[in-house]
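Asks: below: sequence and its predicted model.
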Amino acid sequence: MYKILAVDDAKDTLLLLEFDLSAEGYQVVTTDAADSALRLLEKEHFDLILLDMYMPGITGIAALEVIKKKEALQHIPVIMLSAADGEDEIVSALELGADDYVTKPYIAKVLLARIATSLRLMEKNRELEMLATTDFLTGINNRGRFYELASKAFTESVRQTSELVLAMFDIDLFKLVNDNYGHETGDKVLLEYTQLMAKVFREHDILGRLGGEEFAVCFPHTAIGEAINACERFRLCLEQHAIMPEKQEQETLFVTVSIGIASTGIASSGLEDLIRRADLGLYQAKNTGRNKIIDADKLQEMNETQESLIDYIDTVNDEKTVAKVPQAQELPGIDQKIGLGNVLGDESLFKEILVMFYQDHHEDKEKLQSALSAKDNVTTKHLAHTLKGVASSIGAMSLFERAKALDNAISGGDKDQYQLLFEEVAAELIRVMAGIEQELAEQLHDVSS
Ligand SMILES: Nc1nc2c(ncn2[C@@H]2O[C@H](COP(=O)(O)OP(=O)(O)OP(=O)(O)O)[C@@H](O)[C@H]2O)c(=O)[nH]1
């Protein structure tokens with residue numbers, strides 16, 4: 001049943017409204033002043049407001065202005081009730097966002113018809129908003145809506161100096177589910193996975209599907225330890241959750257998830273930075289066996305400890321005797337802190353890995369281009385996916401982000417974007433490879449000869 005708030009200083013009009021609207025099946029709440037109406041709107045939910053233009057104290061127009069400026073109220077349709085001669089006021093009310101107006105004394109049939117039209121429009125708007133903000137398969141926030149809500153929560157956390165945590169989730173080896181059980185079962189897995197998420201996480205945690213099998217949760221007002229516990233609970237629940245495939249003859253299946261987590265406990269320049277760090281944790285989880293949670297803040301702390309250890313060793317030893325890996329700025333596109341951290345600070349191993357990376361991937365640009373030209377999405381996806389993984393291991397974070405964008409676009413079938421995203425990957429590949437070529441020329445030569 002729709003609930004309508006009727007605001008008018010004339011008691012007889014309120015009585016009439018209450019009678020006419022109740023007879024039509026609406027729930028009616030009446031009040032004779034705008035300030036009490038605004039208080040009621042703070043406390044209760046209403047589907048429509050009937051607002052008299054002229055009232056002592058705060059006028060209807062002033063109240064309308066307040067309503068249309070408040071995010072939580074501005075979507076409620078407002079029908080102004082006005083004396084027949086108030087044309088200028090009617091125009092200003094419509095300009096301020098009133099949805100309609102009805103002149104007094106009103107004709108019940110006309111008023112009811114206009115209320116019905118406004119409510120119908122409101123429902124249509126709600127539906128459109130749902131479609132624009134909800135993921136069609138799982139019913140949770142889509143990427144755009146997730147970013148919008150998480151950004152708001154982030155700003156709020158800065159204002160209130162409270163901690164906020166962001167976790168990125170990626171179902172492990174999900175491609176195999178589709179390959180072995182079919183796409184329909186893959187969809188079922190995504191749906192049950194989301195239902196489990198909604199069950200395990202709290203109502204005010206923000207859930208979103210960012211694309212494919214990648215999800216995120218933003219935990220406002222939460223300490224990192226609590227968020228890790230919640231994620232661990234989810235990881236365990238999922239691991240034990242049996243899913244019935246669509247084809248009955250197939251065996252029950254189980255999936256696992258890798259999770260990267262980061263908090264505002266460590267200085268964050270913004271939501272993007274938090275997401276980037278959580279993403280880094282996620283790919284570390286993927287690269288070190290999957291089905292686990294990696295706290296990216298710990299990775300950072302570890303890197304910082306290693307860095308000070310390296311600095312200490314450097315000062316103790318004679319510079320010439322320490323085989324130093326080129327510094328971060330000497331290797332374009334590579335964050336040495338991350339790359340070195342991934343091999344626990346072992347510099348010579350890091351060099352070897354860079355050489356291997358060069359050997360295995362310096363022709364990826366050409367390979368990607370020819371796969372794209374041949375419209376061979378399987379090969380393009382494979383190349384982008386692999387590149388994404390290895391780029392994160394060596395700390396080539398920009399390359400990682402670009403390969404990931406291409407990988408996601410292919411998973412989402414976003415064909416218009418392929419060439420553009422490929423060009424971004426290609427440009428970064430050239431930069432990273434040229435840096436390695438220049439700095440590690442000797443090692444590359446040793447390996448090839
Ligand atoms: N059924 C189904 N599959 C999807 C959907 N969106 C993306 N996918 C599939 O998800 C798979 C993602 O696979 P990859 O990105 O290769 O990664 P993975 O197999 O999960 O491997 P790791 O992430 O390395 O553990 C691809 O096969 C996509 O086709 C969807 O809405 N439904």
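Replies: Received it, and whenever you're ready, just let me know what you need. Numbers count the residues shown, from 1 in each chain.
Asks: for the nearest residue to residue 1 once chain neighbours are set aside, what are its contacts?
Replies: The spatially closest residue to residue 1, leaving aside those adjacent along the chain, is residue 27, at 5.2 Å (Cβ to Cβ, 6 or more residues apart in numbering). In short, each C-beta sits where N, CA and C put it, glycine included. Going by Cβ atoms under 8 Å, 6 or more residues apart in numbering, residue 27 touches 1, 2, 3, 4.
Asks: try 10 Å
Replies: Shown in contact with residue 27 (Cβ atoms under 10 Å, 6 or more residues apart in numbering): 1, 2, 3, 4, 5, 21, 46, 47.
Asks: the third one against residue 26, yeah?
Replies: Right, the one you point to is residue 3. Yes. Proximity of residue 3 to residue 26 meets the contact threshold set by Cβ atoms under 10 Å, at 7.3 Å.
Asks: higher neighbour count, the two?
Replies: residue 26 (21 against 13; other Cβ atoms under 10 Å).
Asks: mind listing what that one touches?
Replies: With the criterion set at Cβ under 10 Å, 6+ apart, residue 26 makes contact with 1-4, 6, 17-18, 20, 47-48, 112, 115-116, 119.
Asks: and residue 410, how far from the ligand?
Replies: Computed as Cβ to the nearest ligand atom, to the nearest Å, the residue 410 to the ligand distance reads 8 Å.
Asks: who wins for most neighbours among the contacts of residue 27?
Replies: For the contacts of residue 27, counting by other Cβ under 10 Å, the largest number of neighbours falls to residue 4: 24 neighbours.
Asks: ok but it is inside a helix, no?
Replies: No. Applying DSSP: H, G, I helix; E, B strand; the rest coil, one finds residue 4 to be strand, outside a helix.
Asks: correct me, but it touches residue 45?
Replies: No. Contact between residue 4 and residue 45 fails when scored by Cβ under 10 Å: they sit 11.5 Å apart.
Asks: any chance of the contacts of residue 27 in CSV, plus distance to residue 346 and pLDDT?
Replies: Putting the contacts of residue 27 into CSV (distance: Cβ to Cβ, whole Å; pLDDT from 0 to 100) gives the following:
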residue, distance to residue 346, pLDDT
1, 68, 92
2, 67, 97
3, 66, 97
4, 70, 98
5, 68, 98
21, 76, 97
46, 64, 97
47, 64, 97
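Asks: determine which two of those are furthest apart.
Replies: 1 and 5 (13.9 Å; Cβ to Cβ).
Asks: overlap in contacts of these two?
Replies: In contact with both residue 1 and residue 5: 27, 47, using Cβ under 10 Å, 6+ apart.
Asks: thinking again about what came up before, and which of the contacts of residue 27 is nearest the ligand?
Replies: Minimum distance to the ligand across the contacts of residue 27 is 34.3 Å, recorded for residue 47 (Cβ to the nearest ligand atom).
Asks: quick one, what contacts that closest one?
Replies: Contact analysis of residue 47 by Cβ under 10 Å, 6+ apart lists 1-5, 26-27, 76-77, 115, 118-119, 122-123.
Asks: at 6 Å what do you get?
Replies: With contact set as Cβ atoms under 6 Å, 6 or more residues apart in numbering, residue 47 has these partners: 2, 3.
Asks: how near is it to residue 131?
Replies: Per Cβ to Cβ, to the nearest Å, residue 47 is found 20 Å from residue 131.
Asks: go on, residue 149?
Replies: Distance of residue 149 to residue 131, given as Cβ to Cβ: 17 Å.
Asks: run through the residues that contact the residue of the stretch 1-150 of the chain found nearest the ligand.
Replies: Among all residues of the stretch 1-150 of the chain, residue 137 sits closest to the ligand, at 5.6 Å; criterion: Cβ to the nearest ligand atom. Contacts for residue 137 (Cβ under 6 Å, 6+ apart) come out as residue 190.
Asks: that one falls within a helix, correct?
Replies: No. Applying three-state DSSP, one finds residue 137 to be coil, outside a helix.
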